[in-house]
Every structure is written in C-alpha cells, then in structure tokens.
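**Q** Return atomic coordinates for the entry below.
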Amino acid sequence: MKIGVLGAGMMTESLAAGWIRAGHDVLIGGRTPEKAEALAKRIGARAGTLRDAAEFGDSVLVAVRREGLEETLAAAGGALAGKPVIDCGNAVDVSDFSQVTYQDGASMAEEIARLAPGAHVVKAFNQAHASVWAMTPPAVDGRPLAVPFAGDEEAKPAARTLITDLGAEPLDAGDLRQARNLEAMAIVVIRLLFSGYDPHSVFAFASPGRTAEAFTSR
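**A** Below you'll find the model as predicted:
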C-alpha cells in the first residue's frame, strides 16, 4: 500500500517505520520540509509537501496536533477526498492531560471529516504513545496489543490492514461518533501511565493468535 503521512513527529516515525518494515511505501509531508526530509531519510521513506503526501497515499495518516490541523488539511487541499484517512491524534489539554478539548463537541476525527469533505475518516492508534508503536511488534508474551478503531466503513479495511501489519490486533469500536470516546479513553490511559501504573496493566492485549504469528513469520 502507498501511505501518505501528514506530519513529521514521533508518531509518524514509529508508525511509518513499522509500515515500511511490513513492505508499504511511505511518503511523509510536514509543515517544516527539512524535518520531514530528515525523518524520511532516517526510516527509509520518501519526503514531500503536505499536498504531495495527500496525493501519494492510497491511505493517508494525519499525525498532527489539534492546533495544526486546519493548516495541515488546507495544505492538503482536496486530495483526501475518496481516500481512507487515519487520525491518530487526541484533542487534549496538554498542560495537564486532564480533559479532551473538543471543537464544538467534535473529536479530532470528526473535525477532519468536516475540514476534508469526501474523506473516509477513521480513528486509530491514539491510545498509545509513539514508544509503544516503536516496539516490533507491540506485544507481550506473544499477546498483541489490542487497538480499537472507529470511523467510516469505507476506511475500516485500510485501518485493519495497517494495525495488523504492525503486529497488533484490530478492534472495531463502531462509527465515527465513537472517535470522541476513543479520545476520552486515551486521557485515562495517559493519566494512568503518568501515575506510574505498569503499561502491561493499562493496555489491553489480545490472546496469542494469528496476528502475532503472521507478523513474526515475515
């Protein structure tokens, strides 16, 4: 699969590196071209503008903070229409991670759907820090990390593939309205981790099975 990525931060590095290892072709676009180019070189991806990434991808990952969302999607133009768009962000109050800061009651994924008409949006990967996605695979004792996702039906096959290809287990949490619940769940996870709880106690891991076996057999 060709994957375009909007954003050049830590989540992009971990997720894109995993997808490249799985055989996908990734192009990274960032608001700072030099940062996108440096990251792409580091992980073996391509680099370009935000518009380039939006046009390149069969599926597109949006990996930016809420405050940069409108600028990023404006730069992508109409290139996201008709494509699966995966949102891995959380609209959170980063001063203390105490609450979700919805825009007019909408999750980030719902905001993307509003700002990018025609895009098929799905929320995924927002429950875990970039360091978790850097694990190869994100699993403990053969039990893959369970990854809830929610969004448009048209985008769900791509989300399942991208989750599975990281060695994780996809969990369908419903339609796009559930994205705000996934963001609220992320706040709980973040606060538990910051409080010192062991990640093995905080995250859900699936039973050993086909997903982990498929990953390790590559």
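
**Q** secondary structure element for residue 28?
**A** Element membership for residue 28 (DSSP states H and E) is strand 25-29.

**Q** Residue 61 now?
**A** strand 59-62.

**Q** residues making contact with that strand?
**A** 1-7, 12, 15-16, 53-54, 69, 72-73, 76, 80, 83-89, 112, 119, 155, 158, 162 (CB atoms under 8 Å, 6 or more residues apart in numbering). C-beta coordinates here come from the backbone N, C-alpha and C atoms, glycine included.

**Q** Can I get the buried part of these as one ChimeraX selection?
**A** ChimeraX command restricting the contacts of strand 59-62 to the buried ones, with burial defined by 16 or more other CB atoms under 10 Å:
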select :1,3,4,5,6,7,12,15,16,53,54,69,72,73,76,80,83,84,85,86,87,88,89,112,119,155,158,162
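
**Q** Quick check: strands, which of the contacts of strand 59-62 are part of them?
**A** 2-6, 84-87 (DSSP state E).

**Q** Tell me the spacing between the one residue sitting closest to the centre of the chain and residue 34.
**A** Compute the mean C-alpha point of the chain, and by CA atoms, centre = their mean the closest residue is residue 88, 3.1 Å away. Distance, residue 88 to residue 34, using CB to CB, to the nearest Å: 23 Å.

**Q** Please apply the same query to residue 158.
**A** Relative to residue 34, and taking CB to CB, residue 158 is found at 29 Å.

**Q** residue ranges for the helices of this structure, please.
**A** For the chain, the helices defined by DSSP state H occupy 10-21, 33-43, 50-56, 69-76, 108-115, 130-133, 156-164, 179-194, 199-202, 210-216.

**Q** Can you check which of these gets nearest to residue 63?
**A** Relative to residue 63, the nearest member of the helices of the chain by CB to CB is helix 10-21, separated by 4.6 Å.

**Q** What average pLDDT does the closest one get?
**A** For helix 10-21, mean pLDDT is 97.
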